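# No sequence on hand, only this structure:
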């Protein structure tokens, strides 16, 4: 995975003002490979639609993926005849490679792409890019699987598309509905940060980009589209599906190991100063509480199962200590990644060591409860032991959350931001 992106986080989204943008507001990329027959019709139709309906400046970029027919000549002729059209030649194939190359060098604040067959109704183009221009969203995708979409295609492609999106939901926890529709847009500043993290250069490029954006907390807007299948499509379904599955495995492994610096894509809530710092309310507290409760519930179930298992061969104190130790390591790792959003391997050993200290406190609470139970009742039943342990674990859980938030995983970024804001305020007072 490539991680050579700027270290600072993204600024708040702002509405794009056409007068303040020197370049065309929208750059629509049409990636092509050996499309000499359809290219001219596509570009002329797209240009006519934008000229009639799009209220801002626009550009159409034909990205030629090493075509071996007359496609480069057609693209060059169109660029010479129409001022809003330009052609870009790549000597290597790959739709993802073409999009990354053109988007990375474009000076437009909103970037989009569509397939040359124009299967998607162009009336969805303005609704696609409008949330990006207004500052509401970071990415936008056309969805053929939305309830209000109207789609004409064969049963085979319908099955493959729905099966693929089901795989994404089950394996990568993707929440967007249609990863493969060739009708997407992204804000320029987001593309500059996100694209270097996207490794694929082929058809999986779209999916990888969307998964990483969603995991980073970027906002993805979905637009229902009307879509008619192109019966002459040259996409090799089996080979593409195989490459996509390999991509799913690669991205899933990278996300599981925290190998991607997705925190560099974080945004503040908005451009309203009230959203940036609410006095007396810790940042992310509600989200962290929900995550901690979910992880805690699963950890408690695992702890009780382990305790019951260990209790078959050893005494209650040893069974309690062993079950707590195993579940504590897993609990710290899960809270590190899911609750407090710490990514990457940096500080993992230190966090586990601090987690073990928290574990020791929990062990003292639960062991003390067991000892008190033994003193009070002599030989208690297994059910009574579990009830006492659950109560003790609830108390230990509250203390664990407070220690995790304040000591193990403090919000250092917030502290740094507050320090920078304070310094800027002092500087303004001096001036």
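That came through fine. Only a predicted model underlies this, so the values are computations on that prediction, with no experimental measurement involved.
# Surely residue 58 and residue 28 touch.
Yes. Using Cβ atoms under 8 Å, residue 58 makes contact with residue 28 at a distance of 6.8 Å. (Glycine included, C-beta is placed from N, CA and C.)
# So which of those two has more stuff around it?
The residue with more neighbours, out of residue 58 and residue 28, is residue 28; 26 against 21, by other Cβ atoms under 10 Å.
# what about the more buried one, which SS state?
strand (DSSP: H, G, I helix; E, B strand; the rest coil).
# surely it meets residue 47?
No. The criterion here is Cβ under 8 Å, and residue 28 misses it with residue 47 at 9.5 Å.
# okay, and the common contacts of these two?
Contact criterion Cβ atoms under 8 Å, 6 or more residues apart in numbering; residues shared by residue 28 and residue 47: residue 60.
# all strands of this protein, in order?
Under the criterion DSSP state E, the chain contains strands at 26-32, 58-65, 85-90, 110-114, 139-143, 150-152, 183-187, 220-224, 226-228.
# neighbouring contacts of the third one?
With contact meaning Cβ under 8 Å, 6+ apart, strand 85-90 is reached by 43, 47, 59-66, 72, 75-76, 78-79, 97-98, 101-102.
# Pairing partners for it, with directions?
strand 58-65 (parallel) (DSSP bridges).
# So for the partner strand, mean pLDDT?
When pLDDT is averaged over strand 58-65, the result is 96.
# Same question for stretch 39-48.
96.
# can you check stretch 149-158 too?
Here the average pLDDT along stretch 149-158 is 81.
# Could you pull out the buried residues of it?
149, 151, 157 (16 or more other Cβ atoms under 10 Å).
# measure it end to end?
Using Cα to Cα, to the nearest Å, the end-to-end distance of stretch 149-158 comes out at 13 Å.
# Report the distance from that stretch to the chain centre.
Centre-to-centre, stretch 149-158 and its host chain are 27 Å apart (Cα atoms, centre = their mean, to the nearest Å).
# Just the helices from the stretch 201-350 of the chain, written as ranges.
Ranges of helices in the stretch 201-350 of the chain, per DSSP state H, counting those that start in this stretch, are 205-215, 237-257, 273-276, 285-310, 316-334, 348-377.
# Nearest to residue 9, out of the ones you listed?
Nearest of these to residue 9, taken as Cβ to Cβ: helix 273-276 at 12.3 Å.
# Report the mean confidence score over the closest one.
Rounded mean pLDDT across helix 273-276 is 46.
# same question, stretch 374-392
Per-residue scores along stretch 374-392 average to 78.
# Just the buried positions in that stretch, please.
For stretch 374-392, by 16+ other Cβ under 10 Å, it's 380, 385, 388, 389, 392.
# What lies in contact with it?
300, 304, 307-308, 311, 316, 320, 365-366, 368-370, 373.
# Can you name the residues bridging to residue 87?
Counting by DSSP bridges, residue 87 is bridged to residue 62.
# For the stretch 301-431 of the chain, give me the ranges with low pLDDT.
343-344, 378, 411-431 (pLDDT under 70).
# I'd guessed residue 68 sits against residue 36; true?
No. Applying Cβ under 8 Å, one finds residue 68 not in contact with residue 36, separated by 10.1 Å.
# ok, these two, which is more surrounded?
Between residue 68 and residue 36, counted using other Cβ under 10 Å, residue 36 has the larger neighbour count: 15 against 8.
# Ignoring the adjacent residues along the chain, who's closest to the more buried one?
For residue 36, ignoring the flanking residues on the chain, the nearest one in space by Cβ to Cβ, 6 or more residues apart in numbering is residue 70 at 4.2 Å.
# what's around that neighbour, how many residues?
14.
# For it, grab phi and psi.
phi -90, psi 10 (degrees, to the nearest 10).
# Thanks a lot, catch you later.
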